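In: sequence and predicted structure, then a few things I'm wondering about:
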Amino acid sequence: MRGLASMSRVNKPALVASDVDGTLLDPSVQVSERTARTVRAVVDDTPFVLVTGRPPRWVPQIVDGLGVAGIAVCSNGAVLYDAESDRVLHRTEMEPEQLRDAARELREALPGCTFAVERSTGRARDDVAEQFLAEAGFHRVWPNRDIRVVERSELFDRPAVKLMVLHEDRSTDLVPAVEEVLGPRLCLTCSMGGGPVELSAPGVDKGSGLAAVAEKLGVPPDEVIGFGDMPNDIPMLDWVGHGVAMRNAHPGVLEIADEVTGCNGQDGVAQVLERWWP
């Protein structure tokens with residue numbers, strides 16, 4: 001842990017940012033009553049921002065559970081979404097040539113890779129079939145009801161905010177393998193154990209997405225508190241003034257956090273925020 005000597009030295013945050021899965025949500029993927037009550041107390045006088053790997057279409061159900069709606073950083077920083085108006089405010093995409101080149105190089109270096117893309121439309125409630133597209137092999141390895149299976153030629157014919165990679169035989173060592181092939185040309189992370197490697201445009205991550213929101217609100221990094229549990233949260237926790245890891249967090253997140261709170265099943269986010277919003 002980077003660590004501060006005492007939480008009593010941390011001023012009341014001017015902005016609160018939280019990851020969703022494994023952090024704000026409990027193990028049943030729901031918002032607990034305690035967490036919802038605490039977030040509503042925060043929102044009464046301080047901006048609260050969801051910062052998630054989820055696409056916008058998976059945000060409304062979280063907003064419904066919290067009982068508040070605002071700006072969300074989605075798709076690991078590639079999309080800024082206004083949940084109140086159901087409107088995408090900004091997106092950072094990879095061009096078709098970038099997508100095709102990355103997929104070709106990974107197929108050549110790591111035979112057995114399969115791919116999916118997330119596309120950003122204007123609203124979360126737009127046609128899901130145009131938002132999440134995948135090869136048949138990807139869907140077979142990682143079934144999801146939202147996926148539309150398409151031919152390879154269609155997969156990379158339009159810009160996308162996220163490229164996802166799976167391998168039929170590899171999971172735990174896929175991140176370093178993909179990183180070795182692509183280097184720094186795309187921003188690489190993962191948001192769930194055993195899930196796909198997630199690629200975004202260069203410089204796009206949760207930290208950059210949250211920084212854009214904070215700049216619009218006029219809040220400097222040292223007045224922001226952030227919560228997370230997985231490697232895709234590390235750029236955010238590095239950027240904020242006080243980064244909090246869940247007790248159930250990935251070892252890499254625990255290592256860089258300023259503080260460790262309770263597990264997501266113990267209302268760990270609420271435990272910290274109740275110091276200022278009891």
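Out: In hand now; what should we look at?
In: which parts of stretch 138-153 are buried?
Out: Going by neighbour count (16 or more other CB atoms under 10 Å), the buried part of stretch 138-153 is F138, H139, V141, W142, I147, V150. The way it works is simple: take the backbone N, C-alpha and C, and place the C-beta from them, glycine included.
In: which phi and psi does G195 have?
Out: Dihedral angles phi and psi of G195 (degrees, to the nearest 10) take the values phi -90, psi -180.
In: ok, so of the buried residues of stretch 138-153, who is nearest S18?
Out: Within the set of the buried residues of stretch 138-153, W142 lies nearest S18; the separation is 25.2 Å, counting by CB to CB.
In: so the residue nearest to the closest one when sequence neighbours are not counted, which state does it fall into?
Out: Counting by CB to CB, 6 or more residues apart in numbering, the nearest residue to W142 once its immediate chain neighbours are dropped is L166, at 5.6 Å. State at L166, reduced to three classes by DSSP: H, G, I helix; E, B strand; the rest coil: strand.
In: mind checking pLDDT for L166?
Out: Among the per-residue scores, L166 holds a pLDDT of 94.
In: R2 too?
Out: 58.
In: over to G122?
Out: Looking at G122, its pLDDT is 83.
In: also G195?
Out: Confidence per residue is given as pLDDT, and for G195 that number is 79.
In: for P221, see how far away it is.
Out: When CB to CB, to the nearest Å is applied, the distance between G195 and P221 equals 28 Å.
In: how about the CA coordinates for the worst-scoring helix or strand of the chain on mean pLDDT, as CSV?
Out: The helix or strand with the lowest mean pLDDT-type score in the chain, counting by mean pLDDT, DSSP states H and E, is helix 136-141 (a mean of 88). Presented in CSV, the C-alpha positions along helix 136-141 are these (Å, rounded to 0.1, in the frame of the first residue of the first chain):
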residue,chain,number,x,y,z
ALA,A,136,-18.6,-17.4,-32.9
GLY,A,137,-15.5,-18.7,-31.1
PHE,A,138,-15.6,-15.8,-28.6
HIS,A,139,-19.2,-16.4,-27.8
ARG,A,140,-18.6,-20.1,-27.3
VAL,A,141,-15.9,-19.4,-24.8
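In: let me know the next secondary structure element after the longest helix belonging to the chain.
Out: Taking DSSP state H as the criterion, the chain has its longest helix at helix 96-109. Next along the chain after helix 96-109, taking DSSP states H and E as the criterion, comes strand 113-118.
In: pLDDT of that next one, averaged?
Out: Strand 113-118 carries an average pLDDT of 95.
In: and the closest residue to V165 other than its chain neighbours, how far is that from P278?
Out: The shortest distance from V165 to any non-neighbouring residue, by CB to CB, 6+ apart, is to V197 (4.4 Å). When distance is defined by CB to CB, V197 is 41 Å away from P278.
In: shaky segments in the stretch 101-250 of the chain?
Out: Counting by pLDDT under 70, the ranges of the stretch 101-250 of the chain that qualify are 171-172.
In: ok so, going back, and the contacts of the least confident helix or strand of the chain?
Out: Taking CB atoms under 8 Å, 6 or more residues apart in numbering as the criterion, the residues outside helix 136-141 that touch it are T114, F115, A116, I147, V149, M164, L166, H167, E168, P196.
In: for the third one, what are its contacts?
Out: Shown here is A116, whose contacts under the criterion CB under 8 Å, 6+ apart are 132-135, 138-139, 142, 147, 155, 163-164, 166, 196.
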